[in-house]
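*Asks:* Please work out how this folds:
(2 chains)
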There are 2 protein chains.
Amino acid sequence: MALIDNGLEILCPEQCWDRLRRSSVGRVAVTIGALPAIFPVNFTVVGGQILFLTGEGTKLRAALDRTVVAFQVDDFDEATASGWSVMAVGLAEEVATPGELDGLQPLVLRPFAGGDRSHVVKITPEFVSGRRIA
Amino acid sequence: MALIDNGLEILCPEQCWDRLRRSSVGRVAVTIGALPAIFPVNFTVVGGQILFLTGEGTKLRAALDRTVVAFQVDDFDEATASGWSVMAVGLAEEVATPGELDGLQPLVLRPFAGGDRSHVVKITPEFVSGRRIA
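*Replies:* A predicted model of the protein is given here:
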């Protein structure tokens, strides 16, 4: 039987990771100059880590420098008032060592947007949580 | 001519508000116990304010107590690698006075999820910003 939290079905970690792996666009919450901000990114999951690209000199890149961030994916359908949401919280840091970069090269990490996005950021989730409209 | 920021077209405030008004699900970024968190909510825009419901005793309700939050909506299409994102940053507070609540009663504020969601929260954006994949 599924656990219910205020009308929402709680997803187990396995269900959360499954949804993270099947999503391609997520959102990162960071703090910039004491103000909260949310950035959409397209991403991929590799070995329990969330990977995405940022550009040189962007606000997002600066904000992600070894900070704990929230990362979120969801999918809602207005017509049926249904959907789900998954959040992962963990340390964000740039992938800096050549060894790590080599391992990531075969991965599909194509940002939707053009422009310079050559810095690989990884988030290592400490926990994941998810809810589904029951 | 549209302004371009690292491959993304910058949306003007009017375009941002237009997209906010046409969206029904957004995400709020808050800090809970020193950790960032992102919650999806369904919402409505009335007179330059973003309104949504929370439940009694929820983490989200506590985190929204007169705090500056980021609110975000987006729409991306994986097949065409296109989409846009809009963010509004401002003070969140509960709508507490009977006069204010009366004015909101005719509004459509139906949360997708069941459960107790009887507290109206309003965000008064100090600024909005948006990007579109050019």
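
*Asks:* does A:Arg61 sit in a helix or strand, and which one?
*Replies:* Using DSSP states H and E, A:Arg61 maps to helix A:59-63.

*Asks:* mind listing what's buried in that helix?
*Replies:* By neighbour count with 16 or more other C-beta atoms under 10 Å in any protein chain shown, helix A:59-63 contains the buried residues A:60-61, A:63. C-beta: built from backbone N, CA, C; applies to glycine.

*Asks:* Could you point out the helix or strand that follows the least confident helix or strand in chain A by mean pLDDT?
*Replies:* Ranked by mean pLDDT, DSSP states H and E, the helix or strand of chain A with the weakest confidence is helix A:98-104, at a mean of 63. The helix or strand immediately downstream of helix A:98-104 is strand A:119-133, counting by DSSP H and E.

*Asks:* Starting from that following strand, tell me which strands it pairs with and how they run.
*Replies:* Neighbouring strands of strand A:119-133 in its sheet, by DSSP bridges, are strand A:8-11 (antiparallel), strand A:49-54 (antiparallel), strand A:82-94 (antiparallel).

*Asks:* Columns mean neighbour count on top of those, output as TSV?
*Replies:* Formatted as TSV, the strands paired with strand A:119-133 follow (neighbours: other C-beta atoms under 10 Å in any protein chain shown):
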stretch	mean neighbour count
strand A:8-11	18
strand A:49-54	21
strand A:82-94	20
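
*Asks:* Those strands into TSV, with extra columns for mean pLDDT and distance to B:Cys12?
*Replies:* As requested, the strands paired with strand A:119-133 are exported to TSV (pLDDT from 0 to 100; distance: least, C-beta to C-beta, whole Å):
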stretch	mean pLDDT	distance to B:Cys12
strand A:8-11	93	36
strand A:49-54	90	24
strand A:82-94	95	30
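
*Asks:* so where's chain A shaky on pLDDT?
*Replies:* A:1, A:97-110 (pLDDT under 70).

*Asks:* what do you get if the cut-off is 50, keeping everything else the same?
*Replies:* Applying pLDDT under 50 to chain A flags the ranges A:106.

*Asks:* just checking, A:Arg66 touches A:Glu93?
*Replies:* Yes - assessed by C-beta atoms under 8 Å, A:Arg66 is found in contact with A:Glu93 at 5.0 Å.

*Asks:* Doesn't A:Gln15 belong to a helix?
*Replies:* Yes - per DSSP: H, G, I helix; E, B strand; the rest coil, A:Gln15 lies within a helix segment.

*Asks:* can I get the buried residues of helix A:59-63 in CSV with distance to chain B?
*Replies:* Below are these laid out as CSV (distance: C-beta to the nearest C-beta, whole Å):
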residue, distance to chain B
A:Leu60, 10
A:Arg61, 11
A:Ala63, 11
